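Visitor: no sequence for this one, just the structure:
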């Protein structure tokens with residue numbers, strides 16, 4: 001069981017405690033609206049807005065959901081990830097032709113961008129309305145939600161600079177864009193983007209290169225649950241092997257186990273201790 005979150009509304013920059021709080025916000029995105037609203041009040045936010053679009057088959061991303069919390073000093077938009085039994089649906093879209101990126105910069109994963117498009121106008125309007133006190137703005141998401149958080153940050157940075165996020169934290173995020181957009185993002189979000197990957201989590205390894213790549217500022221969680229700012233290639237390979245052999249009865253499922261948001265929360269809580 002993870003420790004209760006104590007969210008600092010004046011947080012700025014990078015910290016593991018802030019990462020843990022935003023991971024809690026990611027976990028909350030999987031809950032129903034009533035639960036989200038109750039937790040928002042507990043965390044000290046007085047405004048909540050839900051963003052949701054549902055699609056009908058054959059669109060591979062069955063629905064897109066997020067929520068925004070606002071207080072006097074902080075705004076958080078958390079994008080919901082994909083349920084485990086639906087991951088295969090959007091990964092099959094990984095080789096689809098990429099589409100034009102924000103403001104014509106680079107190319108992005110077509111399915112992820114379409115999913116974001118369905119709620120982006122509402123997210124943007126909410127931030128424009130609620131950012132009335134110079135609040136810091138944070139985007140976060142787990143799994144598919146991480147891809148949407150990263151892309152929302154890219155769109156606002158390149159097309160709506162006045163609404164640009166102060167920080168983006170993602171957990172188990174898949175690859176989302178080409179190297180051109182990644183380079184622009186790395187410049188604009190230097191010291192503001194943090195991409196957490198838990199050991200053998202399979203999702204950050206997909207969709208395949210060279211179609212798509214990752215943005216920088218990796219925070220790697222090793223097989224012992226320690227958060228590392230970097231991991232050398234040889235050491236990283238050895239650590240992944242160590243993670244695979246941690247459960248000798250189910251090594252093939254390690255990549256899925258490492259992907260669950262609860263696994264990220266457990267590791268981050270351990271680092272806080």
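Guide: It's in. It should be emphasised that the depicted structure is a prediction, and the values quoted were computed from it without experimental measurement. Numbers count the residues shown, from 1 in each chain.

Visitor: from here on, just use CA atoms for contacts and neighbour counts.
Guide: Noted.

Visitor: all the helices of this structure, residue numbers only.
Guide: Using DSSP state H, the helices assigned to the chain run over residues 16-28, 33-42, 87-91, 110-117, 120-130, 144-159, 179-188, 233-244, 254-257, 261-272.

Visitor: nearest to residue 52, out of those helices?
Guide: Of all those, helix 120-130 sits nearest to residue 52, with 9.2 Å by C-alpha to C-alpha.

Visitor: ok now do residue 49, which residues does it touch?
Guide: 67, 68, 69, 126 (C-alpha atoms under 8 Å, 6 or more residues apart in numbering).

Visitor: the residues you listed in strands, which ones?
Guide: Among the contacts of residue 49, the residues falling in strands (DSSP state E) are 67, 68, 69.

Visitor: was I right to think the first one contacts residue 29?
Guide: Which is residue 67. Yes. Using C-alpha atoms under 8 Å as the test, residue 67 is close enough to residue 29 to be in contact (7.1 Å).

Visitor: neighbour count: the two, which is higher?
Guide: Taking neighbours as other C-alpha atoms under 10 Å, residue 67 and residue 29 compare with residue 29 leading, 26 against 22.

Visitor: tell me who's in contact with the more buried one.
Guide: Here residue 29 is in contact with 36, 65, 66, 67, 78, 79, 80, 81 (C-alpha under 8 Å, 6+ apart).

Visitor: Serialize those residues to JSON lines and add fields for distance to residue 228 and pLDDT.
Guide: What follows is those, written out as JSON lines (distance: C-alpha to C-alpha, whole Å; pLDDT from 0 to 100):
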{"residue": "36", "distance to residue 228": "31", "pLDDT": "98"}
{"residue": "65", "distance to residue 228": "30", "pLDDT": "92"}
{"residue": "66", "distance to residue 228": "29", "pLDDT": "97"}
{"residue": "67", "distance to residue 228": "29", "pLDDT": "98"}
{"residue": "78", "distance to residue 228": "24", "pLDDT": "98"}
{"residue": "79", "distance to residue 228": "25", "pLDDT": "97"}
{"residue": "80", "distance to residue 228": "25", "pLDDT": "94"}
{"residue": "81", "distance to residue 228": "24", "pLDDT": "89"}
